[in-house]
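Engineer: give me a model of this one.
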Amino acid sequence: MTLKLYLVGIIFTIVLAFASFFSIIIFFSPEGTDALLQFLLFLSLFIGLTGFFGLVGFLLRKKKYNKFDASRFFGVSFRQGTLLSVLLVGSLFLRAFTAFWWWGSLVLLLLVLIIEFFFLRKDE
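Structural biologist: The predicted structure follows:
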């Protein structure tokens, strides 16, 4: 599979995830729904943000390091996009269940940083 086919698949997934996220928001009230619909809301937001941040990171790296093979940046970009999405969706999840305190957010941030440092250390 080519890189262009991967990017088309990722863009399709991003559009589908955000369409489902906005469909849930428009047709249902997320506050008064059951746990399954809230899970689908957070899952679609997570998938959409992961794809979006991964794609933006990939395109920025491709533009900055255009002399290297673009497929080298694919894994790093999507790992960092996933971690950023975990941070954002995790904060929104805590906020939705009124468990969003500064120290809880700090623990979530430290967890994401530890995971990123682990992968950076492993790559060296």
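
Engineer: could you pick out the longest helix of this structure?
Structural biologist: Looking across the chain with DSSP state H, the single longest helix is helix 35-64.

Engineer: avg pLDDT for that helix?
Structural biologist: Helix 35-64 shows a mean pLDDT of 92 in the predicted model.

Engineer: which strands or helices does the helix or strand just after that helix pack on?
Structural biologist: Using DSSP states H and E, the helix or strand that directly follows helix 35-64 along the chain is helix 74-96. With contacts defined as 3 or more Cβ pairs under 8 Å, 6 or more residues apart in numbering; DSSP states H and E, the packing partners of helix 74-96 are helix 35-64, helix 102-123. For the C-beta atoms, the positions are set from N, CA and C on the backbone; glycine is no exception.

Engineer: got those as TSV, with distance to Arg95 columns?
Structural biologist: Output for those, formatted as TSV (distance: least, Cβ to Cβ, whole Å):
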stretch	distance to Arg95
helix 35-64	11
helix 102-123	9
